[in-house]
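Q: A structural model of the following input is requested.
(one chain, ligands or ions: 4)
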Amino acid sequence: MGSVDASEKTITGWAARDATGHLSPYTYNLRRTGAEDVVLKVLYCGICHTDLHQTKNHLGASKYPMVPGHEVVGEVVEVGPEVSKYSVGDVVGVGVIVGCCRDCRPCKANVEQYCNKKIWSYNDVYTDGKPTQGGFASSMVVDQKFVVKIPAGLAPEQAAPLLCAGVTVYSPLKHFGLMTPGLRGGILGLGGVGHMGVKVAKSMGHHVTVISSSDKKRAEAMDDLGADAYLVSSDEAQMAAAMDSLDYIIDTVPVKHPLEPYLALLKMDGKLVLMGVIGEPLSFVSPMVMLGRKTITGSFIGSIEETEEVLRFCVEKGLTSQIEVVKMDYLNQALERLERNDVRYRFVVDVAGSNIDDTAA
Ligand SMILES: NC(=O)C1=CN([C@@H]2O[C@H](COP(=O)(O)OP(=O)(O)OC[C@H]3O[C@@H](n4cnc5c(N)ncnc54)[C@H](OP(=O)(O)O)[C@@H]3O)[C@@H](O)[C@H]2O)C=CC1
Ligand SMILES: O=C/C=C/c1ccc(O)c(O)c1
Ligand SMILES: [Zn+2]
Ligand SMILES: [Zn+2]
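A: Residues are numbered from 1 along each chain as shown. Ligands and ions are numbered 1, 2, ... in the order given. The predicted model follows:
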């Protein structure tokens, strides 16, 4: 344990203590506000499937106590003396990354999410040697470089899922040249990331096919989210009829699954973009990519620049996320429901409305 600086603030977050993933109140100190730091009072924080992977140690690298949460919207309550981008009272967002080296090729190209020295917003160690902790907490302190302004016209709770799910679909569509109107896209797995995929792709003028593990979400996908077609992945006749029809598929499935049924849906030069965090090998036979010159690739969140861009895009297009707002004392149930695929489509925790500093043990 390091010594406690008198200027460090003691706050409460909800932490997992082990791989059961159960979260409970946890008291810890925020670092002293540095010259370029922004201190925010957390208003809302979305629950991403990655929070489940991390709290339950699906990747084998989890460190506890762990306060998860990386779709964070907060109000600025203090800024360091060198902070130029933000003022007290601003509504701001924080995502998956809170640090990078600023010197490598990805950093210089403003794609700092691909920096090998990036610092994750939780389950990592900050430059001061202390653990990073995420947004299911009353406050966070974050370097201004990793903070974005929430534009007017976006409700803070609506903005939270855009900081991971939203930018995660926007970034590959932009990077792989898939923003052209008229493209035919597939969204595999209609969850938090997938539902933003449908909305963003539709707003780009694409014909969007949802590929789901069941028929349960068909009506919502077509009527509420605006999808053009819906395939149940286990329905061989439906899948066969859709062969060779898609320019890209955004694959958000969070567990091991075969790739060949989805590669078959792609046209020549089609792209399968892997999003799910799956710690086991996925397999396919080489002709599935050779015959059709198809690409299997992946993408990791998006840069700070792209996060600002997707927020503006959503304001311009009038896009919102579809969310269920819950209080902090529902966090464990929400995680259980997320694991059971029982959420439409993102839980967002009303952190400020849960007064967690008052209720800490
Ligand atoms: N690459 C990146 O930068 C990012 C990666 N991720 C990762 O993407 C994946 C999806 O995240 P998110 O959208 O938040 O997750 P959700 O749980 O919200 O959605 C996943 C969807 O996948 C489908 N699915 C198929 N099989 C399963 C299963 N066994 N358990 C649960 N869902 C299943 C379901 O859709 P349906 O009912 O339609 O079959 C489900 O809604 C996760 O692995 C997450 O860690 C998340 C954000 C960024
Ligand atoms: O939800 C955002 C994070 C995604 C992620 C991607 C890859 C990886 O190894 C992770 O641990 C998380
Ligand atoms: Zn996420
Ligand atoms: Zn770097």
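
Q: near ligand 4, which residues of this protein are found?
A: 100-101, 104, 107, 115 (C-beta under 5 Å from the ion). (Each C-beta comes from the backbone N, C-alpha and C, glycine too.)

Q: most neighbours, which of those residues?
A: Using other C-beta atoms under 10 Å as the neighbour definition, those reach their maximum at Cys100, which records 23 neighbours.

Q: ramachandran angles for that residue?
A: Comment: the main-chain dihedrals of Cys100 come out as phi -160, psi 170, following degrees, to the nearest 10.

Q: touching, it and Asn110? I think so.
A: No: with contacts defined as C-beta atoms under 8 Å, Cys100 does not count as touching Asn110, sitting 10.2 Å away.

Q: what about the helices in the chain?
A: Ranges of helices within the chain are 49-55, 105-108, 156-159, 165-175, 192-203, 218-219, 236-241, 260-263, 287-290, 304-317, 331-339, 356-359, based on DSSP state H.

Q: so how far is the longest one from its chain's centroid?
A: Its chain's C-alpha centre lies 14 Å from the corresponding centre of helix 304-317 when counted by C-alpha atoms, centre = their mean, to the nearest Å.

Q: of all the residues in it, which ones are buried?
A: By neighbour count with 16 or more other C-beta atoms under 10 Å, helix 304-317 contains the buried residues 304, 306-311, 313-315.

Q: one more: the last one?
A: When burial is assessed from 16+ other C-beta under 10 Å, helix 356-359 yields the following buried residues: 356-357.

Q: could you give the mean pLDDT of it?
A: Summarised as a single mean, pLDDT over helix 356-359 is 79.

Q: kindly report the same for the third one.
A: pLDDT averaged over helix 156-159 equals 98, rounded to a whole number.

Q: and the nearest residue to Tyr330 once chain neighbours are set aside, how close does it get to ligand 3?
A: Distance criterion C-beta to C-beta, 6 or more residues apart in numbering; nearest residue to Tyr330, sequence neighbours excluded, is Val349 at 7.7 Å. Distance from Val349 to ligand 3, counting by C-beta to the ion, to the nearest Å: 14 Å.

Q: all numbers from here: first residue = 26
A: Sounds good: first residue 26 from here, last item Val374.

Q: what about Val374, how many neighbours?
A: By the measure other C-beta under 10 Å, the count of residues near Val374 is 29.

Q: same check, this time on the one 5 residues further on
A: As a burial measure, the neighbour count of Ser379 was computed by other C-beta under 10 Å and equals 20.

Q: which residues does it contact?
A: Shown in contact with Ser379 (C-beta atoms under 8 Å, 6 or more residues apart in numbering): 352-354.
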